[in-house]
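Trainee: Dropping a prediction and its sequence here:
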Amino acid sequence: MQECSIEKAFSSFKPESCIFVISVDAAGKPSGMIAGWNMKCSFDPPLLAISLQKKGYTHELINNSKEFVIAVPNKGLEEEINFFGTTHGDEVDKFSATGIKMSQSKYIEPPLLTDATINFECKLEKKVVVGDHILYIGRVVATYINEGKKVLMNMGQGNDERIFEEF
């Protein structure tokens, strides 16, 4: 065992769950991103948290709308994951560019991802500045599942490509 940088330790901390985070702008237009830093916080009340960089577009949308969807992907969404993870929502309409299927949420404005394994509708409960990121804690107001679709995990990099595996 040898001491290493925090960057190396964080990048080696795999597998990590890879999720879509979706919010909307003031006109109701959806935008989304891929986030690897996320966790369950509480059953009662039901809370999930995501950690986003302070300077991103999705961060701005959540600050304004106070709501977001967390969509848990599966193998069938790999191309969309790569696109959502490598483009900027303030420059490109990721939903039109990929043709990803959406469904209307029941309690909030951001859409669900129809083919995701799990969708969580979240209302912003609290945000906490944590260094160079902001931790957004969302109260889950509705959940949806596609039975039989396995959760996809980001296993890291291999030959300059992401490696994903279903669990």
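Mentor: Happy to help now that I have it. Numbering: from 1, shown residues only.
Trainee: Distance of Gly56 relative to Phe120?
Mentor: As for Gly56, its distance to Phe120 is 20 Å (criterion: CB to CB, to the nearest Å). C-beta: built from backbone N, CA, C; applies to glycine.
Trainee: Assign Phe10 to helix, strand or coil.
Mentor: Following DSSP: H, G, I helix; E, B strand; the rest coil, the label given to Phe10 is helix.
Trainee: So for Gly56 and Phe120, which sits in the more crowded spot?
Mentor: Neighbour tally, Gly56 and Phe120, criterion other CB atoms under 10 Å: the higher count belongs to Phe120, 22 against 18.
Trainee: tell me the secondary structure for the more buried one?
Mentor: Secondary structure assignment for Phe120 (three-state DSSP): strand.
Trainee: got a list of what it touches?
Mentor: Shown in contact with Phe120 (CB atoms under 8 Å, 6 or more residues apart in numbering): Leu48, Val69, Ile70, Ala71, Gly138, Val140, Ala142, Thr143.
Trainee: With Pro30 instead?
Mentor: Here Pro30 is in contact with Ile22, Ser23, Val24, Phe95, Met102, Pro110, Pro111 (CB under 8 Å, 6+ apart).
Trainee: which ones among the residues you listed are found in strands?
Mentor: Ile22, Ser23, Val24, Met102 (DSSP state E).
Trainee: No further queries at this time; thank you.
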